[in-house]
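Visitor: coordinates only, no sequence provided:
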């Protein structure tokens, strides 16, 4: 059927229809990307009020900076915790949602609600709920556990708090996709597995997860991007990278270097490195998962 | 079938939620965009009208200038009031004020505006941006544009001038200046059996009073103040030690900090000890709001704060049913050489038309007149720059009615003029502040941290920030 393989009358028509997308991509992605790379080869003060070309000097500074190494390690650890945490909790919740019979839609909406909240709003609200001396959640947590929570002072605690908030914030998105994937699994499969006497947990890990794997691969990638790039408002509003750099993620550090410490050149270099790291990670994830994911072919 | 149906409902719900979320996001973005957009369109309008008038008239008549500042709420209203009264008495000058939320945002916006050739005529820049603004070469020293004979700088308050005068030249006009000051809860002092008329004046005194307060009253911790490098800088100056070398960066570019000095050690030993004794409530880095809340809800009996907040703090204390009083900033070992001012000053960017520059000069002269300064001081707590304003308020009996303002002025007047009390100049000051503040967190994070060796680490981080900045400008 030629009309299906050739949807457009001419190549020009296709090009014209693609044009708006490319204009937006070039103006807001490729051009700023190139400009960032150009800036990363310069030394600046004050958002480029004074500039000079220095070649790879900024990259050399990053390679030898202890603060940058620490920030790098923290970001990688943070991404690992957030990706694994988000997937594990959403999988569990999705499975419960899939199994529940009464009030399923109410539960689902409740589970994805946090995703509807803008990150900045969520961060502000949680800052007050979790505040070490004023927060109500902290108050009861301290009563229950007997621990003294002071994540304004204690680095590891702050890391955990921000990671938990980041996971919570991303649950909704994952659950939408996971529930959709679970609902796509043929009921006959579930029935035959049940007849074979497969238990709930085993059913999830041996039957459902392999069948959902394309969705899971997609979510791993989206969550990785989220953990590296989209958690900025949480850090900015809740900890400002502290205490003592314990939550100083790369994305926050580069913002601060550029706009607060007026070192735009160095921040651009950090931006380029972060981009490269996430791009490589993406490639590796796709490669590894290609052999594991079942696309039903 | 049933499950498919409900799934569709789920996805619809999800879609709606996503759309709501996106709408929230874009709404925010729109706000920000709208903000800068309105600024931009303002500037577009200014540009044409400004240029038009410069070309059309020989000067003296209609000109529009922009005044960008970082004041919010009540303070922004006061700035507008001053500007409005200036417009009324001026000869065809229109001033458009824009509040840019924060000092950092305003500095960045101004630099970009200078780069794109459409700068404001006046921009408010915080004191720690002074060296950065100088190095950007984007500004004209105000001394050059003030019409000669219009301002007698001899009548200005020395501690204020000292800060903004670099190499003998006044680069920017001091606008809102303040000091660190201690405030305390008189009622709690009385209840604890402390004399509310003689608050502690030394580190030792504060620690003792804090312990008395917590053992005798419901107060949980004696003292709070934001973890802010500004206070550390003040305590360094009180011990007549400069924060950085080369006379605080004033006789030459600073290359090294004095954070390994005995003076620095005294400060951090006390501050860490206060925390370890459970007498310091740590509100967080530069957390003014949290510190204020802790003091006003009577979690603490003392707070170290800024003189610019005396009026609202007094009101807050009254609302919470206690009486507040002010005292000098407690001094390490009773050393009181004096403290540098904080706050901001007004800078005039390059690239203005002659008529605009002249108008900016006139506005600066107007702002610094005693009448305007007196009402600014009375309304905000920021120091007047003009001594005449103080004598005028003294005649009106203002200080007798408001002794807490008296404390602030006395503390300022007793400040000796030395390199240490003039305040430091260095390009990476904002970064240095962050390093110092994070350094304190590191010290209290693990009990038993050796202050001296922690300070070594802070010093080396600060020094390499200075070094890296100097490399960039040279």
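Guide: Everything's here; your move. Note that the structure is a prediction, hence the values are computed from the model and not measured.

Visitor: show me where the stretch 101-250 of chain B has its helices.
Guide: With helices called from DSSP state H, counting those that start in this stretch, the stretch 101-250 of chain B shows them at B:103-115, B:130-136, B:142-145, B:158-164, B:186-191, B:203-216, B:229-238, B:245-249.

Visitor: for the residue in the stretch 51-200 of chain B positioned nearest to chain A, grab the count of nearby residues.
Guide: Closest contact between the stretch 51-200 of chain B and chain A, by C-beta to the nearest C-beta, is at residue B:136 (3.8 Å). Heads up, the C-betas are built off the backbone N, CA and C, glycines and all. Neighbours of residue B:136 under the rule other C-beta atoms under 10 Å in any protein chain shown: 26.

Visitor: quick check: the gap between residue B:78 and residue B:72.
Guide: Applying C-beta to C-beta, to the nearest Å, the value for residue B:78 to residue B:72 is 11 Å.

Visitor: out of the two, which sits in the more crowded spot?
Guide: Taking neighbours as other C-beta under 10 Å, residue B:78 and residue B:72 compare with residue B:78 leading, 17 against 12.

Visitor: residues of the host helix or strand of that one that come out buried?
Guide: Here residue B:78, judged by DSSP states H and E, is contained in helix B:73-89. For helix B:73-89, burial by neighbour count (16 or more other C-beta atoms under 10 Å in any protein chain shown) applies to B:75, B:78, B:79, B:80, B:82, B:83, B:86.

Visitor: contacts only, for the first one.
Guide: Residue B:75 makes contact with B:176, B:380 under the criterion C-beta atoms under 8 Å, 6 or more residues apart in numbering or on different chains.

Visitor: and the pLDDT for the nearest residue to residue A:94 once chain neighbours are set aside?
Guide: Distances taken as C-beta to C-beta, 6 or more residues apart in numbering or on different chains put residue A:178 closest to residue A:94, at 3.7 Å, once the chain neighbours are dropped. If you check residue A:178, the pLDDT there is 93.

Visitor: what of residue B:266?
Guide: If you check residue B:266, the pLDDT there is 94.

Visitor: in which helix or strand does it reside?
Guide: Using DSSP H and E, residue B:266 falls in helix B:262-276.

Visitor: just the helices in the stretch 251-400 of chain B please.
Guide: Along the stretch 251-400 of chain B, counting by DSSP H, counting those that start in this stretch, helices occupy B:262-276, B:288-296, B:310-319, B:354-367, B:370-380, B:387-395, B:398-401.

Visitor: need these in a markdown table (columns: distance to residue B:237).
Guide: As requested, those are exported to a markdown table (distance: least, C-beta to C-beta, whole Å):
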| stretch | distance to residue B:237 |
| --- | --- |
| helix B:262-276 | 9 |
| helix B:288-296 | 21 |
| helix B:310-319 | 21 |
| helix B:354-367 | 27 |
| helix B:370-380 | 22 |
| helix B:387-395 | 22 |
| helix B:398-401 | 25 |
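
Visitor: closest to chain A out of the ones you listed?
Guide: Among those, helix B:288-296 comes nearest to chain A, with 7.0 Å by C-beta to the nearest C-beta.

Visitor: coming back round to it: most tightly surrounded among the helices of the stretch 101-250 of chain B?
Guide: Using mean count of other C-beta atoms under 10 Å in any protein chain shown, the stretch among the helices of the stretch 101-250 of chain B with the largest mean neighbour count is helix B:229-238, at a mean of 25.

Visitor: that helix and chain A in contact?
Guide: No: taking C-beta under 8 Å from any C-beta of the partner chain as the criterion, helix B:229-238 and chain A are apart, separated by no less than 13.5 Å.

Visitor: check which helices and strands that helix is in contact with.
Guide: If contacts are counted by 3 or more C-beta pairs under 8 Å, 6 or more residues apart in numbering or on different chains; DSSP states H and E, helix B:229-238 sits against strand B:180-185, helix B:262-276, helix B:429-445.

Visitor: deepest of these, which one?
Guide: For these, where neighbours mean mean count of other C-beta under 10 Å, the stretch averaging the most is strand B:180-185, with a mean of 26.

Visitor: helices or strands next to it in the packing?
Guide: helix B:229-238, strand B:300-306, helix B:310-319, strand B:324-327, helix B:403-413.

Visitor: so it versus helix B:203-216, what angle?
Guide: Orientation check (axes from the mean of the first three to the mean of the last three C-alpha atoms, to 10 degrees): strand B:180-185 against helix B:203-216 gives 20 degrees.

Visitor: contacts only, for residue A:51.
Guide: Residues in contact with residue A:51, defined by C-beta under 8 Å, 6+ apart, are A:42, A:43, A:44, A:265.

Visitor: now do 10 Å
Guide: Going by C-beta atoms under 10 Å, 6 or more residues apart in numbering or on different chains, residue A:51 touches A:39, A:42, A:43, A:44, A:45, A:264, A:265, B:472.

Visitor: wait, the residue nearest to residue A:94 touches residue A:215, no?
Guide: Yes: counting by C-beta atoms under 10 Å, residue A:178 does reach residue A:215; the two are 6.5 Å apart.

Visitor: more neighbours: which of these two?
Guide: Neighbours were counted for residue A:178 and for residue A:215 using other C-beta under 10 Å; residue A:178 has more, 24 against 17.

Visitor: tell me which element that one falls in.
Guide: Secondary structure (DSSP H and E) places residue A:178 in helix A:155-184.

Visitor: check which element follows that helix along the chain.
Guide: Immediately after helix A:155-184, counting by DSSP H and E, sits helix A:187-195.

Visitor: so which bits of that next one are buried?
Guide: For helix A:187-195, the neighbour count (16+ other C-beta under 10 Å) marks A:190, A:193 as buried.

Visitor: so what touches it?
Guide: Outside helix A:187-195, the residues that touch it by C-beta under 10 Å, 6+ apart are A:98, A:182, A:186, A:198, A:199, A:202, A:203, A:206, A:207, A:208, A:211, B:3.

Visitor: chain neighbours aside, what residue packs nearest to residue B:158?
Guide: Spatially, and ignoring its direct neighbours in sequence, residue B:158 is nearest to residue B:417 (5.6 Å; C-beta to C-beta, 6+ apart).
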